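> Here you go, sequence then predicted model.
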Amino acid sequence: MQVKKKSLFYLTNIFFLIALFIISISGCDEEENLSLNSDKDIIVYSQVSKDPTTEAIISWIMKKGNGNDLIEYKKVESEKYKKSTANAKVIPEKEDLRLFTVKLSDLSPDTRYQFKLAGQNIKREFTTFSSTISEEGVKIAFASDAHFKGSGHNLYDELTSAIRDKGARLLVGKGDYVDCEGEVGLEQTNEWLEFLAMLDENLNQNGDNYKYIPLAFVIGNHETTPSYGAEPENASYLRFFFKYPKKLEPVGMNYGSVKIGDYLQLLMLDTGHTAEPGGEQKDWLKNVIDQSIKHVVPVMHLSPFPSYRDPNAVMQDRVRQAWMEIFYDAANIKVAFDGHDHSWKRTVPLGVVESKPDHGNNEEKMGFFIANGKYITETKDGVIFFGDGSWGSNSTSIWNPATTWYLDDAQARLSNYKRGYSGVVNKNDHTQAGKHLEHVYIVSFETDRIIVKSVSPSGEVFHKKEIY
C-alpha cells in the first residue's frame, strides 16, 4: 500500500483523526464531530499475558456506549460464542473515548480463537501459544525506536507489515514508541492513538483477514522525563495502554518476566529510566531466570554495547556492571536485544573473564572491567547483542567494526563509518547511514538453535545469523 493511501486510511477511517481533521479546517469542537458509524471506527490490539498459552488480553478503543465493553469469543471450529465484559478507562484528554481491556483466561494452548467486539460484524482471530516448542519453533519480532510522528512518516507501515508477513507470533518492542517524554496532553494522546491505529492496520490486518499478534513493550527513555531516574508512574502512556510489565512481579515496576511454555522467557528490563539497573532490579534479575526454560532472552532499550554512542558513558557502564555477569552465567541466554542508537548492530559473543583482555592498541579503555578483577570480552560461549533500533526512525552512522572490538559483521552496509572508537566520542560524523539499516528482527527460537533475521522495509532479509 502506498504512503498516500495509508495516510488516507488514517484520515478517513480512524475516528480520532476525523476529529482532528475537522478541527483543523473548521475549529469545531472535536467531541461533537466524532462519527462512529462503521466497523472501522475502532482501534484493536492484543497484549502479551502472563501465560500466553492459556490466556489472551484484548484491548480496543472506541466511544463509550451501551455494549461497547462486550467481547464474544470461541474456538474457530466451535459454533457457540462465550461472552465477557471488559474493564473501561477514559482516554487521557479524550473524555468521550474509552480503552476497553479484557483478559480471557479459559483458553487452550495452540488453538485458534475467533472474537467479535461490541456487537460489530468483523470476525477477528488470535492463536494461543503452544505449551511445548514445535519442530519449526516460534517466530518472535523485535523492534524499537519508532519515534512515531504520524501516518506516512518514514517506514513504520512497511516494517510493521514485514513483521506480519514473516509470520511473527509476538512483537516485542524495545522502547521509544511515541515521544511523549512523560507528559500527558492532547498532542501526545493523538500520536499514541495513531501509533496504535498503525499497528492495528499493518500488524493485524491483511485484506479481509484480522489476525491479532500480541505486543510486549519494554520501556525506553522517551517514555519518561527525565530520561533516567524518573518514577515508574512517569511512563504514563506505556502504563495506561499496557497491563504489563507494571502488573508483573515486582508489581508496580516497569520491568518483569514473561514465560511462554517451556521454551521461551522474556526478560523485560528497565535500563535506568525508572529503575536503577543495580540494586533491587539486579537482585530480581538474579532470581527470576528460569534455568528449565530453553531460551531466555533479555530485552532492553539502552545498549550496553552501543554502535553509535559513547560506550563508556555512565548508564551504559551501570547496565554492564549490573547485568552482564548474570547474563553470561545463565547457560540458556545466548542472545539479547537492545535499541536506542538507531542503527543496525551485531556484537561478537560477549562473556566475562578473570584476566585483562587485549583488544588491540585502539581499545585500551574498553576492556570493560566490571568487578572483582573480572572483565567483559569476546568469548566463544558468550551472549550476542542485536540492536540498535530503527523501526522507522532514520538510521545513524556507527563505529567501524574493524576497529571497535565488540562490533561484528557490518557487511559493507555503510558507506561512511565514524572513526574506530578510541575512548573519546567522535561527533564529527553524523552522516545518515541510509534506509538499508532501518530494520526489524524476526527471530526463530527452535529446539537446538536460534535464527536471527534482519529484515528491511521491503521485506528483504539482509542479514542472517544462526546461533547454537
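On my side now, so go ahead. Owing to the predicted nature of the structure, the values given are computational and were not obtained by experimental measurement.

> Residue 56 and residue 249: what is the separation?
In this view, residue 56 and residue 249 are 20 Å apart by Cβ to Cβ, to the nearest Å. Glycine gets a C-beta too; all of them are placed from N, C-alpha and C.

> typo on my end, it should be residue 99
Distance, residue 99 to residue 249, using Cβ to Cβ: 24 Å.

> okay, these two: which has more neighbours?
Taking neighbours as other Cβ atoms under 10 Å, residue 99 and residue 249 compare with residue 99 leading, 21 against 13.

> That one pairs with what?
In this entry, residue 99 is beta-bridged to residue 61, residue 89, by DSSP bridges.

> tell me the pLDDT at it?
Note on residue 99: pLDDT of 98.

> got the contact list for it?
Going by Cβ atoms under 8 Å, 6 or more residues apart in numbering, residue 99 touches 59, 60, 61, 88, 89, 90, 91, 240, 241.

> what about 6 Å?
Neighbouring residues of residue 99 by Cβ atoms under 6 Å, 6 or more residues apart in numbering: 61, 89, 91.

> and if you look at residue 326?
Contact analysis of residue 326 by Cβ under 6 Å, 6+ apart lists 285, 286.

> Kindly confirm my reading that it is in a helix.
Yes: under DSSP: H, G, I helix; E, B strand; the rest coil, residue 326 falls within a helix.

> Mind giving me the packing neighbours of the helix or strand hosting residue 192?
For residue 192, the host element (DSSP states H and E) is helix 186-199. Helix 186-199 sits against strand 43-47, with contacts defined as 3 or more Cβ pairs under 6 Å, 6 or more residues apart in numbering; DSSP states H and E.

> The strand it packs on pairs with which strands, and in what direction?
Assessed with DSSP bridges, strand 43-47 is paired to strand 56-63 (antiparallel), strand 214-217 (parallel).

> Just the mean pLDDT for the helix holding residue 192, thanks.
95.

> For the next helix or strand after that helix, which strands pair with it and how are they oriented?
For helix 186-199, the following helix or strand on the C-terminal side (DSSP H and E) is strand 205-206. Taking DSSP bridges as the criterion, strand 205-206 sits next to strand 209-210 (antiparallel) in its sheet.

> And the strands in the stretch 101-250 of the chain?
112-117, 124-127, 138-143, 170-173, 205-206, 209-210, 214-217 (DSSP state E, counting those that start in this stretch).

> coming back round to it: go through the strands paired with strand 43-47 and name the closest to residue 319.
strand 214-217 (19.0 Å; Cβ to Cβ).

> Only alpha carbons, please: show that closest one as CSV.
Output of strand 214-217 as CSV, limited to C-alpha atoms (Å, rounded to 0.1, in the frame of the first residue of the first chain):
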residue,chain,number,x,y,z
PRO,A,214,0.2,-9.7,20.9
LEU,A,215,2.5,-6.9,21.9
ALA,A,216,5.1,-6.8,24.7
PHE,A,217,6.5,-3.3,25.2
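
> Tell me which residues are up against that strand.
Under the contact criterion Cβ under 6 Å, 6+ apart, strand 214-217 has outside partners 46, 47, 48, 170, 171, 172, 173, 242.

> Then stretch 248-256?
Contact with stretch 248-256 is made by 219, 232, 235, 245, 268, 269, 270, 274, 275, as judged by Cβ under 6 Å, 6+ apart.

> make it 7 Å
Stretch 248-256 has contacts (Cβ atoms under 7 Å, 6 or more residues apart in numbering) with 50, 219, 232, 235, 244-246, 257, 268-270, 274-275, 281, 284.

> if we can go back for a sec, I'd like the strands of the stretch 101-250 of the chain as TSV, with distance to residue 337, mean neighbour count and mean pLDDT appended.
Formatted as TSV, the strands of the stretch 101-250 of the chain follow (distance: least, Cβ to Cβ, whole Å; neighbours: other Cβ atoms under 10 Å; pLDDT from 0 to 100):
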stretch	distance to residue 337	mean neighbour count	mean pLDDT
strand 112-117	28	19	98
strand 124-127	23	20	98
strand 138-143	5	24	98
strand 170-173	7	24	98
strand 205-206	25	16	95
strand 209-210	28	14	96
strand 214-217	11	23	98
